[in-house]
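Trainee: Compute the structure for the input listed below.
(2 chains)
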Protein chains: 2
Amino acid sequence: ELLQDVVAFFQPKVLAGKRVLITAGPTFEAMDPIRGITNHSSGKMGFAIARAAREAGADVTLVAGPVALATPRGVARVDVQSARQMLDATLAETPRADVFVATAAVADWRPANTSDEKIKKDGSGAAPTVRFTENPDILLTVAQGERARKGALFCVGFAAESHDLVAHAQAKRARKGIPLLVGNIGPLTFGLDDNQLLLVDEHGVRELPRASKLVLARTLVAEIARRMFADSRTPSP
Amino acid sequence: ELLQDVVAFFQPKVLAGKRVLITAGPTFEAMDPIRGITNHSSGKMGFAIARAAREAGADVTLVAGPVALATPRGVARVDVQSARQMLDATLAETPRADVFVATAAVADWRPANTSDEKIKKDGSGAAPTVRFTENPDILLTVAQGERARKGALFCVGFAAESHDLVAHAQAKRARKGIPLLVGNIGPLTFGLDDNQLLLVDEHGVRELPRASKLVLARTLVAEIARRMFADSRTPSP
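Mentor: Predicted coordinates:
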């Protein structure tokens, strides 16, 4: 911990005084009291960004789905399960955030009906069919909010794809109306300690080659800071 | 670790020379490369039983679903994702096991079709419907095997229920044809460090009051050993 503090001390304070809100991990969408839908997201990338943002001097809140990771030092953490809980926890923080980084792998859908009791095999061998309903889009909801639209809240999205990463990432950035979208190949990163990222903005695509998630997180934080201050339309007082 | 070794040294060696096979954690049943069905099982009870069995002198193999837990000292671990992988890993070990403890919260069903690519929202707002198919029953498969039927493999099942625990546990023990079934209330234990158990056998029900999972695991290991040697129809040479 002392070493972590020393390392943190020497990171450039590019986000000093800024409030950064980060979502991380998967969501868990209950089918019954025991079972549910989730995904392979480990939360490591989001937790690394939280640590890097804190090292860069920011006041950091981390809204985390069910993951088994230690909270980075100095970071405020809110634990949630479902996409709807994650939306509520996020919207509670956005009014005072300067940066929103949506790394969480939020379930697109949840079971349309949740059973209060464990669904049992009925002995017939017949399996249930589960209908799904669409979850709220947390990133889109935040990006369409007033603070994001007037440039007071810098929104960064993540896309985890299994194929056609560049096309999907560019389309997702346009659809969400955000300045920066970070793409990665889900099956090549989930659970691992390293990753490779694709930064997609209005100017095009930049690749961050494979490195540890903490190293990538520090680069991403620097990129966010550079863009925020370049984008800033409000002249300094 | 030294303390763990010392504590282990002083546990009674009631399973000395026995081979114990344990399944633990949830399974993860893929819908596509990113998503799947799982449950809230943390694996802690199974890992505690593995540790307790090892402390009791057994040679222990732990077949673990996706959990974030350290392997207990001296225990051999096989990591799996799906119920079918867990069945394969289990059947590879049962021919030489003396005890099988099925703590894993195995998914009863898996999606009938798995997509090779991430399922995308199509923009219509329409959500997918997922058909399920029944998974193999690992405990039943092992309990119906020759070694279990002739008494060479002592099988212990677990039931995680949300309601009517005693009735469900008794019915499950009868259905699986096993000597000992351990019941617990899923939502009151998943992820926690303590638990309370219900031991159901041919004589009736015994409750182990709330305690740490390691304390309960040691009691359960002692109960298993007592029953194995009581049940033993082969006289000592």
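
Trainee: give the contact list for the closest residue to A:V67 other than its chain neighbours.
Mentor: Spatial nearest neighbour of A:V67, excluding adjacent residues (Cβ to Cβ, 6 or more residues apart in numbering or on different chains): A:G43 at 3.5 Å. C-beta coordinates here come from the backbone N, C-alpha and C atoms, glycine included. By Cβ atoms under 8 Å, 6 or more residues apart in numbering or on different chains, A:G43 lies in contact with A:24-26, A:64-65, A:67, A:69, A:104.

Trainee: what's the answer for A:R19, then?
Mentor: By Cβ under 8 Å, 6+ apart, A:R19 lies in contact with A:58-61, A:96-99.

Trainee: Just the buried ones among those, please.
Mentor: Buried by 16 or more other Cβ atoms under 10 Å in any protein chain shown: A:58-61, A:97-99, out of the contacts of A:R19.

Trainee: of all the residues you listed, which comes closest to A:L199?
Mentor: Among the buried ones among the contacts of A:R19, A:V99 lies closest to A:L199 (Cβ to Cβ), at 14.9 Å.

Trainee: I figured that closest one was touching A:I49, is that so?
Mentor: No. Using Cβ atoms under 8 Å, A:V99 makes no contact with A:I49, being 10.0 Å away.

Trainee: now the strands: where do they sit in chain A?
Mentor: Assigned by DSSP state E, the strands in chain A fall at A:19-24, A:29-30, A:35-39, A:59-64, A:76-79, A:99-102, A:109-111, A:129-134, A:154-161, A:180-185, A:194-201, A:204-212.

Trainee: ok, now how distant is A:G183 from chain B?
Mentor: With the distance defined as Cβ to the nearest Cβ, to the nearest Å, A:G183 ends up 13 Å from chain B.

Trainee: how many neighbours does that residue have?
Mentor: Residues contacting A:G183 under the criterion other Cβ atoms under 10 Å in any protein chain shown number 24.

Trainee: re the thing from before, any chance of JSON lines for the buried ones among the contacts of A:R19, columns distance to chain B and pLDDT?
Mentor: JSON lines is the format used below for the buried ones among the contacts of A:R19 (distance: Cβ to the nearest Cβ, whole Å; pLDDT from 0 to 100):
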{"residue": "A:A58", "distance to chain B": "27", "pLDDT": "97"}
{"residue": "A:D59", "distance to chain B": "28", "pLDDT": "98"}
{"residue": "A:V60", "distance to chain B": "23", "pLDDT": "98"}
{"residue": "A:T61", "distance to chain B": "23", "pLDDT": "98"}
{"residue": "A:A97", "distance to chain B": "26", "pLDDT": "98"}
{"residue": "A:D98", "distance to chain B": "29", "pLDDT": "98"}
{"residue": "A:V99", "distance to chain B": "26", "pLDDT": "98"}
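
Trainee: got TSV for those, with distance to A:A143 too?
Mentor: Formatted as TSV, these follow (distance: Cβ to Cβ, whole Å):
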residue	distance to A:A143
A:A58	20
A:D59	21
A:V60	20
A:T61	18
A:A97	12
A:D98	14
A:V99	13
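
Trainee: A:N39 contacts B:I34, doesn't it?
Mentor: Yes. Taking Cβ under 8 Å as the definition, A:N39 is a contact partner of B:I34 at 5.0 Å.

Trainee: So between the two, which is more surrounded?
Mentor: Set A:N39 next to B:I34 and count neighbours by other Cβ under 10 Å: A:N39 wins out with 29 against 23.

Trainee: Identify the bridge partners of that one.
Mentor: Following DSSP bridges, A:N39 is listed with bridge partners B:R35.

Trainee: Repeat that for A:L208.
Mentor: With DSSP bridges applied, A:L208 shows beta-bridge pairing to A:L197.

Trainee: what about it, how many residues close to it?
Mentor: Per other Cβ under 10 Å, the neighbour tally for A:L208 reads 17.

Trainee: contacting residues for it?
Mentor: Contacts of A:L208 were listed using Cβ under 8 Å, 6+ apart, and they are A:196-199, A:216, A:219-220.
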